[in-house]
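In: got a predicted structure here, sequence first:
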Amino acid sequence: MPTVTLVEDPSVKTSCSPLQVLQQEVIKAYFATREEKEVLIDSEEEAVVDHVTKSGESLGKIAQIHGVGVADVKRTKTSKYLQIGEIVKVTTKGEKGTEVSYKKLDATTMGKEVYIIVETLHLEEETVLMNIRQGKEKAFGEKDGPITVQQDDKDVVKITAVVGDFDEDKDATNKDDFENWAIAKVKLEPKEDDKIKEWKDGLEGTESKKALLYLLVDVHSENSMCDFKSEYVVYKGYAGESDDSKVTNLFLNDGDAWLEVKKGCDCGKEDFDKQFQCTRYGSVYGPVYWGKFKLANYEYWDDLISENKVTQEEKDILVGMSENEGKLDSVQSYDSELLTVGAMQKTVNPTGKGEFPIQVQEFKADHPEKYKELFEDCGWTVESNTMYYKDPSDSAATKITGSALKTKIREGFKKSEFKKKLKCGPLEPIAKASLDKDFQAKQVKDFIDRLKNKVLPIKPKGYSYSLKDFLNSKLGKATALDHHINRPGYVKNDFGKALDNFFVKKDKEVLDFNTAEADSTKHKSKVSKNPNDWGTDHAAYETIILDDYGVNRRGTDMKGRYDKMKAKF
C-alpha cells in the first residue's frame, strides 16, 4: 500500500488504499451565442406551446414537428393563408420547459452581448477568472493587453464565473449539460460614451476595420479563489509568445480562431432617434420619417454621368419628376404595406416580399460588406427576396416578418401619440442605409432601369408600338415613369385611352377638312398609328397626347403631379 505524509507535519505518515488522482483541466474557452428552445417534459398533463411559423411550413408539418395531430394545431390569425412569423398554438401532453444551447461565435459587432464558455474537468464550483485580450494589433487596447467590457452592467477587466453555476441556466431542462462549464455573459463595449468612441476610432485605425480578440483563463493565480498552483491545472490552450511562463492558458489566439469584432451599425441612433412622426392613414397609426434629401439634390450625379452609368437626359428626367416622389431617405409604415422606402417608394408587402426586398437583395450581391454593416448588423436580413428583422438589442429575439414585423414596427404608434415624434428602432437603420452613397446610387440606377426596361417597352392597349416610339420628350418619359411608380397597372390602359382620344380628334379634323375642301388633291390623310411616321409633327402630337394622359391618368392628384413636371420642363 502507498504511504502518505501529512503536509502540516511530515513526521505523520500512514498507509492507505491506492488513490485516484482527479486531474483538474481547462479544456476549451470560446465566445458563444445562447439559444433557447421550448420543449416538453414527459407528463400526462396537457400543455399549449407557441410555435412561430417558418418559411415552407404548413399546419400538417407543424403537427408533425410536435408529434401531434393537425386538430391539435390552432391558428391565431383569420387571414386565408398561414403567414411566416405567425404564432400557432399547439396542444400536446407534457409540461413546457426550456432547453438551452450555446453556439461558438467567430464574428460579431461592438455592443453585442455574448457569452464566454470555459469547459472544464474536475473544477466544480470553483471560480474562474478571465480576461478578453487584444490580439494581432492595437484596436480596443494595446496588443496582448486586457480590454474593458461590461459584466452585470459594470465595467470590468477581470471577468468572473463559477463552474456549474450560471443563473440563466438554472431552470433549463438540460442544465446538467453545463455542470462542468463556467459561463459569463458580457457586453462587448465599455459603458462610457467617450470610451466607446475610443473603440470606434481604434477600429478605424486598423487596416481590416476589425479587432481580433482572444481569452486568458485563470484558475490558479494568487487572485483566484482556488488554492491551485499552475502546475496542478492542465490548460489545453496556448502560451503567450512573450510569456516567460509556460502556462498554456490562452485560448483563440492561434491561427484563425480569433473572435472578429467590427464596429457594425449604430442603427441610426445618432441621426434618427425620436425622428419618426406618429401619423394616421384612416384608422391605422404608424411611423413616418419624411426624409431630408431630394433626388434632385443627389450629390453624386456628376460621378454617375462621368462613369457612363447615367446620361444627362436620364438625370433631367429623374430630377423633373422627383418633386412628386419621396425623398431618398424617407421611410414609413402606416398603410397596408409593412413599410415603404426611398424616392421610388419601394415597398415591403404584408408577406415580407416586394420591390424593396429585391432592391436590398441586389445590393447585397453588389456590396456584401456594406449590406452586412447597414442591414444585417442592425437586425435586417433578406433571404430569397423576403425581408426579416431580428431586434439586435434583444438577445432572446427571433427573426420575424409578415404581420409580426408590422406589429413590431408600429409598436407605440397609437392615437394618443398622434403627430408626436417617437423612436422607431426597426426603421432607424433603414433610414440610415438610405443615406449611404452606394445605396443611393442603387436607388438612382433602379429608376433608370425601371424607365428603360419596364416603362418604355410598354405597348399601350390597342397599339402595336411601344411608349419608346411615342415618347421622345423628357416630359413624356418622366410622366410615364411617374405613373408607373405609383400605378404601374394603369399605364398601358390609360396611355392607350389618351391615344384613342388623340386619333379620334385628329381623324375628325381630317374628315371635317376634307368635307369642306372641294379639291380632292388638297385632301389630308389620317395621322398614322405608327409614331415613327410623324416626322416634324411628333413634338406637337406628343404634347397633345401628354396633356390628356398627364391629367386624366388614374392615381392620386395626377393633374397636380403633371403640372409640376410640365413646369420643370
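Out: Happy to help now that I have it.
In: got the end-to-end distance for stretch 50-70?
Out: 15 Å (CA to CA, to the nearest Å).
In: list the buried ones in that stretch?
Out: Across stretch 50-70, burial judged by 16 or more other CB atoms under 10 Å covers 51, 52, 53, 57, 59, 62, 63, 66, 68. In short, each C-beta sits where N, CA and C put it, glycine included.
In: which residues sit in contact with the last one?
Out: Pointing back at residue 68 there. 90, 91, 92 (CB atoms under 8 Å, 6 or more residues apart in numbering).
In: under the pLDDT cut-off, which ranges of the stretch 351-500 of the chain? List them.
Out: 395 (pLDDT under 70).
In: how about low-confidence regions in this protein?
Out: Checking the chain against pLDDT under 70 turns up 1-8, 14, 16-21, 40, 42-45, 93-95, 222-231, 241-245, 264-274, 395.
In: now do the domain split for it, please.
Out: 27-263, 269-452, 457-568 (automatic domain parsing).
In: ranking these by burial, who's on top?
Out: domain 269-452 (a mean of 19; mean count of other CB atoms under 10 Å).
In: with distance to residue 437 and secondary structure added, can I get the buried residues of stretch 50-70 in CSV?
Out: What follows is these, written out as CSV (distance: CB to CB, whole Å; DSSP: H, G, I helix; E, B strand; the rest coil):
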residue, distance to residue 437, secondary structure
51, 43, strand
52, 37, strand
53, 38, coil
57, 40, coil
59, 46, helix
62, 44, helix
63, 50, helix
66, 48, helix
68, 53, coil
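In: in strands, which of the contacts of residue 68 fall?
Out: 90, 91, 92 (DSSP state E).
In: now do residue 159 against residue 217, distance only.
Out: Between residue 159 and residue 217 the distance is 10 Å, computed by CB to CB, to the nearest Å.
In: again, but for residue 165
Out: Distance from residue 165 to residue 217, by CB to CB: 17 Å.
In: one more: residue 305?
Out: Distance from residue 305 to residue 217, by CB to CB: 58 Å.
In: now residue 418
Out: Distance from residue 418 to residue 217, by CB to CB: 55 Å.
In: then residue 124?
Out: With distances taken as CB to CB, residue 124 is found 16 Å from residue 217.
In: residues in contact with stretch 256-263?
Out: Residues contacting stretch 256-263 (CB under 8 Å, 6+ apart): 31, 105-110, 135-136, 140, 188, 200, 203-204, 209-214, 251-252, 373, 377.
In: now, those that are in strands?
Out: 31, 107, 108, 109, 135, 210, 211, 212, 213, 214, 251.
In: for those, work out which two are farthest apart.
Out: 109 and 251 (21.2 Å; CB to CB).
In: is the residue minimising distance to the centre of the chain bridged to anything, and to what?
Out: Centroid check for the chain by CA atoms, centre = their mean gives residue 380 as the closest residue, at 1.2 Å. Beta-bridge partners recorded for residue 380 (DSSP bridges): residue 389.
In: helices along the stretch 301-450 of the chain, start to end?
Out: Using DSSP state H, counting those that start in this stretch, the helices of the stretch 301-450 of the chain run over 301-306, 312-321, 355-366, 368-374, 402-409, 428-433, 437-450.
In: for the last one, packing partners?
Out: Judged by 3 or more CB pairs under 8 Å, 6 or more residues apart in numbering; DSSP states H and E, helix 437-450 is in contact with helix 312-321, helix 355-366, helix 368-374, helix 474-486.
In: related to what we said a few turns ago, residue 469: which of the ones in strands among the contacts of residue 68 is nearest?
Out: Once CB to CB is applied, the member of the ones in strands among the contacts of residue 68 that ends up nearest residue 469 is residue 90, at 59.1 Å.
In: how about the contacts made by that closest one?
Out: Counting by CB under 8 Å, 6+ apart, the residues that residue 90 touches are 48, 49, 50, 51, 62, 63, 66, 68, 72, 73, 74.
In: give the bridge partners for the closest residue to the second one other than its chain neighbours, please.
Out: Taking CB to CB, 6 or more residues apart in numbering, and ignoring the residues beside it in sequence, residue 49 has residue 90 as its nearest neighbour in space, at 4.6 Å. Following DSSP bridges, residue 90 is listed with bridge partners residue 49, residue 73.
In: quick one: residue 90 from residue 61, how far?
Out: From residue 90 to residue 61 the distance is 12 Å (CB to CB).
In: likewise for residue 86?
Out: 13 Å.
In: do residue 253 as well
Out: If you go by CB to CB, the gap between residue 253 and residue 61 works out to 45 Å.
In: ditto for residue 461
Out: Residue 461 is 44 Å from residue 61, by CB to CB.
In: contacting residues around residue 122?
Out: Contacts of residue 122 by CB under 8 Å, 6+ apart are 22, 23, 24, 25.
In: ditto for residue 455
Out: 467, 477, 480, 481, 484, 491.
In: closest to residue 401 among the residues you listed?
Out: residue 484 (26.7 Å).
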